[in-house]
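Colleague: quick one: sequence and predicted model below, then my questions.
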There are 2 protein chains.
Amino acid sequence: MDMNILPSHSGSNAVRSRSSNRQAVLGRIQSAGQMGRAEIARSLGLSTQAVSNIIAELEEDGLLLEAGTRSGGRGLPAVQYSVNAEGGYALGVEIRPDAIFAALVDLHGNTIATRRRAIKNNKPDKLVAKVIKLRDEMVQKTGINAERLMGAGIVIPGPFGQTGLSGLGSDLAGWQSIDARTLFEDALGLPVELSNDANAAAMSERIAHGLSNFAYLYFGAGLGLGLVNQGQLVAGAFGNAGEIGHVQIMTAGGPAPLEQQLSRVSIQTFMRAQQPLDIDAISALFTQKDPRFWNWLEAAASALSQATGLIENLFDPQTIILGGAMPDAVLSHLIAQTHLPDLSVSNRTDNPIARLQCGTCGRMTATLGAASLILNRAFTPQAASL
Amino acid sequence: MDMNILPSHSGSNAVRSRSSNRQAVLGRIQSAGQMGRAEIARSLGLSTQAVSNIIAELEEDGLLLEAGTRSGGRGLPAVQYSVNAEGGYALGVEIRPDAIFAALVDLHGNTIATRRRAIKNNKPDKLVAKVIKLRDEMVQKTGINAERLMGAGIVIPGPFGQTGLSGLGSDLAGWQSIDARTLFEDALGLPVELSNDANAAAMSERIAHGLSNFAYLYFGAGLGLGLVNQGQLVAGAFGNAGEIGHVQIMTAGGPAPLEQQLSRVSIQTFMRAQQPLDIDAISALFTQKDPRFWNWLEAAASALSQATGLIENLFDPQTIILGGAMPDAVLSHLIAQTHLPDLSVSNRTDNPIARLQCGTCGRMTATLGAASLILNRAFTPQAASL
DNA sequence: TTGATAATTCAATACACTTGAGTTAATGAT
DNA sequence: ATCATTAACTCAAGTGTATTGAATTATCAA
């Protein structure tokens, strides 16, 4: 039996070097806002001439814009370059059991169009057709050049494959055994990145804040965890890493899955509501200081405290970001109420960043995150592995 | 304030490509045992000619040996190459509060010399001097060419830096604020990889079995977790990922740190022993079927079950490997007694690999793991980041 | 025996980065 | 004001490595 599951590392040659260097140059400029040739060259360990050639190419391709000059002391002032927002676009698609969300973002990460469609039919071919239609609508409406679409990030509910969590209602029936990536790639004619909601949301924080090692607690229907290590998503061997909602924690009523205390559906239980609460309903409960909601907050803070200890001791991240389909105010309040565990590697004296913080919130968090998967690819040299 | 903590990606050029391709070629051959030029070229996406040139260079450098030919059907039989065990050596050093362990391994991972020294003085300069002496002794005794030493892997007790776990006795006093890597690099005149015991042990399993996504539960004094994602260690932002021993779990007596049920020191508690039990003492208890030890086994199996759920749901690894300073028989028994949680992403119908399995055991596990950090570097193109 | 197949090598070519000299435009000292 | 210093940038030549295509060799199968 062949136990060899090592990734087959790709070899490198001149053309791949150029491609990787192009991405590196773009990535440096994106994260710094604007930079000059010499500065980029130093930070990448390349010659100024090499960077000069690459910049000329990127400018030619419309991905970079000249952004004035900056003189820092003596010497010829450096010509600054910045990423051209209109140089490229990414499509983000989030598929939920009952609806599709889609967004078009530019190279700066600005949302330039969004769409929402209810769906009745989960079948792959129907969904694919709908996604194509949404893309075409948005491209048409914004009037962007379709050739500038760099790819599509697609979020589908996990877990992927037949797992012990399948059939709990969170996954998308009929999609477990399908190679969805190739399906969408062929249908859209674009490179596709597939991911779950939490990972996608995490990636959008990475693009926005430039963090390289962090964890993202995503409030969807349940609770997901996105892990970023050295700027790369930790997806796990089968793409199902981050199913933190099913981890057992201690509660007043005995051991229970984390998700039962810390998630949107758990609010529903605490409120004894008949149906799921959406983000506005939760906002209302918070401003009204509803007592049952306050009970939930208390339970959730205890759960979050335990989850924090868990994540910090296992990953030692720079920070844990909370986000997703929850009101910003609720998450901020929750963070303020949560006791940070002492017995943690993150309980350091010299930590410059808050251990818990609030990230992007709102209904489109995962959808925009999906688009970030593509942006990230444009700014990061691809790891040379299969 | 500069929040930009993105890694500065290094640019690529012809020379770096060659270096990376050399490592890739070596790595392919190492993991496959032996291979021919054309096969390597296909697996790396390089031309046969390029691989041919690289192989000539590697053979010249003594890193590869011709290993006969193999004809697979028609066509000219492929000349096979295999890694020359004597082509390079790695030094592994494990520093414990009371002793230093050292080992010399060859490119095949064979141990060719080991040493153990008690230490009274923890001071950096004393330790460094001792490490140099151990290296020189082993080099002399084995008669290897000192220039073939590729580097030193060094395991020092974590956590690194001032954390909430500092001062619990597991860390090495006086080493928190030191740049140990540069210290050893300068003293030894060799490239140095620094790591904790669990990560090092995990790396040695990776080299041996070619797994790319797995978790390693390491039984040292406490309990550590080594995480390998896409062939790379997940070290965390500050190098302290994997402190799973301090995670709270449910026990018969209420919530307690995992380490309190599942570790060598926990055996001591269950046995009501005055001093730590070593690996032989534990072996004896197991063969004698000591009732107190059986109580520990029961508690440990429950703890391991919970830890398994945790690790699987957070990482979705190919497998979890148990190893370290515990008798093989005890770990095997423990694995057999442990109930695998149903509510887990790893509870899949089509899993080809056991969810829990036994890895390398024995006193030198972490020391040999330290050496594996260097071997891994020789076989893996280095991620192009700072 | 002969044709098909596949590994390997040789020689020429292509690509991208580096190097070193030269140009330009700031700053700061005289 | 003038001039030396500094640093970014460009040009042209040079270097390293990979690719390409033709030729060679050895095995298998008809």
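Modeller: Done, it's in.

Colleague: farthest from the middle of chain A: give me that residue.
Modeller: Residue distances from the centre of chain A (Cα atoms, centre = their mean) peak at A:Arg74, which lies 41.8 Å from the mean C-alpha position.

Colleague: for DNA strand D, see how far away it is.
Modeller: Per Cβ to the nearest atom of the strand, to the nearest Å, A:Arg74 is found 4 Å from DNA strand D. For glycine as for every other residue, the C-beta is placed from the backbone atoms N, C-alpha and C.

Colleague: and A:Met326, by the same measure?
Modeller: Distance from A:Met326 to DNA strand D, by Cβ to the nearest atom of the strand: 45 Å.

Colleague: backbone dihedrals for A:Asn313, please?
Modeller: A:Asn313 adopts backbone torsions of phi -70, psi -30, taken as degrees, to the nearest 10.

Colleague: excluding sequence neighbours, find me the nearest residue to it.
Modeller: B:Glu243 (4.3 Å; Cβ to Cβ, 6 or more residues apart in numbering or on different chains).

Colleague: now do the same contact list for the one you found.
Modeller: A:Asn313, A:Leu314, A:Asp316, A:Val345, B:Gly158, B:Pro159, B:Leu165, B:Gly224, B:Leu225 (Cβ atoms under 8 Å, 6 or more residues apart in numbering or on different chains).

Colleague: name the residues of stretch A:343-357 that are buried.
Modeller: For stretch A:343-357, the neighbour count (16 or more other Cβ atoms under 10 Å in any protein chain shown) marks A:Leu343, A:Ser344, A:Val345, A:Ser346, A:Asn347, A:Arg348, A:Asn351, A:Ile353, A:Arg355, A:Leu356, A:Gln357 as buried.

Colleague: inside strands: which ones of those?
Modeller: Counting by DSSP state E, the members of the buried residues of stretch A:343-357 that fall within strands are A:Leu356, A:Gln357.

Colleague: just send the buried residues of stretch A:343-357 back as JSON lines, with distance to DNA strand D and pLDDT too.
Modeller: Compiled in JSON lines, those are given as follows (distance: Cβ to the nearest atom of the strand, whole Å; pLDDT from 0 to 100):
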{"residue": "A:Leu343", "distance to DNA strand D": "47", "pLDDT": "87"}
{"residue": "A:Ser344", "distance to DNA strand D": "42", "pLDDT": "90"}
{"residue": "A:Val345", "distance to DNA strand D": "39", "pLDDT": "89"}
{"residue": "A:Ser346", "distance to DNA strand D": "37", "pLDDT": "90"}
{"residue": "A:Asn347", "distance to DNA strand D": "41", "pLDDT": "89"}
{"residue": "A:Arg348", "distance to DNA strand D": "35", "pLDDT": "83"}
{"residue": "A:Asn351", "distance to DNA strand D": "33", "pLDDT": "76"}
{"residue": "A:Ile353", "distance to DNA strand D": "30", "pLDDT": "89"}
{"residue": "A:Arg355", "distance to DNA strand D": "37", "pLDDT": "96"}
{"residue": "A:Leu356", "distance to DNA strand D": "39", "pLDDT": "97"}
{"residue": "A:Gln357", "distance to DNA strand D": "35", "pLDDT": "96"}
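
Colleague: can I get the buried residues of stretch A:343-357 in JSON lines including distance to DNA strand C?
Modeller: Listed next are those as JSON lines, based on distance: Cβ to the nearest atom of the strand, whole Å:
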{"residue": "A:Leu343", "distance to DNA strand C": "47"}
{"residue": "A:Ser344", "distance to DNA strand C": "42"}
{"residue": "A:Val345", "distance to DNA strand C": "38"}
{"residue": "A:Ser346", "distance to DNA strand C": "38"}
{"residue": "A:Asn347", "distance to DNA strand C": "43"}
{"residue": "A:Arg348", "distance to DNA strand C": "37"}
{"residue": "A:Asn351", "distance to DNA strand C": "36"}
{"residue": "A:Ile353", "distance to DNA strand C": "34"}
{"residue": "A:Arg355", "distance to DNA strand C": "40"}
{"residue": "A:Leu356", "distance to DNA strand C": "41"}
{"residue": "A:Gln357", "distance to DNA strand C": "37"}
